[in-house]
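>>> predicted model and sequence below, questions to follow.
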Amino acid sequence: MWKRILIYLLLGGLFLVTLIGYEKYTEMSNEINSLRQDNDYLQSMNVINKTNVKKLELANQSLEADVEQLEEEYMAQKNKASALQADIMNSYIFYDNDMNKIPGNYYSGVDYNKTTKDLKYYLNNTFVMPTGYELNVFDCSEQAAYMERELENAGFMTEILVGDSPTGGDLKHAWIMVYTIDNYRTAIEPTIIFGTADSSVSRLWTRLNNDAIGIVYSNQNANYYDAYEERIENIYYAVTRLGIDEVDWWYGMWGLEDHNYYRTEFVTDRRSN
């Protein structure tokens, strides 16, 4: 009897041990499988990371090349900026020197208060013809600049116009446009006036025809009204756009090599006469 009980106990213990061992085995087997899965995942992630590292290395190389190119472009732009700055400074010095050559108190600052009748009277009776036409000394641009100043100081809004020569060809030409307070706009050809500066017959003829010397009407030549390339408001813009040599009538008319002389003594002399 006791032997059977002992055998049963031994068999039960063995079964229990076996069951516990199986459970442990199953648990360990699951852990091993989990570890294998984790290992496979880590290996795949390692491959991905290596690929990403390679991509990053290539991207870094590309960025380094871009940075190098940008540095080269930056230096090139910096050199251009330095050259441009030098040009600007040189232009400013040149511009400033040219501005200093313009006579002092060039404009009197009078109001624009003149009519068409006033314009015709001024051209026929008051306007002074200083000298005749001389190429590259007192030609159309100097004459236009001179007449612009005289008309402005007489109370007429005046602009210098520059464009193709109204007579045709490849040459450029300068003339003026005058605006009066009665909404009158007229083109004036300075070279016509200067060409007949001492002709009292021409003045008399224009008076008899209720006209004014130098005026070019649109039905005579429309190019004077609309075929210009530049409208220049005053002598200062004229210097910047055309250059001092094109508009320095005070030099061409009186042969003054020293512009400062005109700015001081010569201005006083002219006004006192």
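Yep, that arrived.
>>> where's residue 223 relative to residue 189, distance?
11 Å (CB to CB, to the nearest Å). From N, CA and C alone the C-beta is placed, and that goes for glycine too.
>>> try residue 112
In this view, residue 112 and residue 189 are 22 Å apart by CB to CB.
>>> which one's more surrounded, the two?
Using other CB atoms under 10 Å, the more surrounded residue of residue 112 and residue 189 is residue 189, with 24 against 12.
>>> could I get the contacting residues of the more buried one?
175, 214, 216, 224 (CB atoms under 8 Å, 6 or more residues apart in numbering).
>>> how about residue 121?
Counting by CB under 8 Å, 6+ apart, residue 121 has contacts residue 212.
>>> how far away is it from residue 211?
12 Å.
>>> then residue 186?
Distance from residue 186 to residue 211, by CB to CB: 11 Å.
>>> repeat that for residue 36.
Taking CB to CB, one finds residue 36 at 113 Å from residue 211.
>>> more neighbours, those two?
residue 211 (14 against 10).
>>> and the closest residue in space to the more buried one that isn't next to it in sequence, what element?
On the basis of CB to CB, 6 or more residues apart in numbering, the spatially nearest residue to residue 211 that is not a chain neighbour turns out to be residue 120, at 7.0 Å. Here residue 120, judged by DSSP states H and E, is contained in helix 116-121.
>>> just how off-centre is that helix within its chain?
39 Å (CA atoms, centre = their mean, to the nearest Å).
>>> and for the residue nearest to residue 211, the neighbour number?
Neighbourhood size, residue 120 [other CB under 10 Å]: 19.
>>> my read is that it contacts residue 212, right?
Yes. Residue 120 is within contact range of residue 212, at 3.8 Å (criterion: CB atoms under 8 Å).
>>> which residues in the stretch 151-273 of the chain form strands?
157-164, 172-180, 184-188, 215-216, 228-232 (DSSP state E, counting those that start in this stretch).
>>> wait, residue 230 touches residue 161, no?
Yes. Counting by CB under 8 Å, residue 230 does reach residue 161; the two are 7.0 Å apart.
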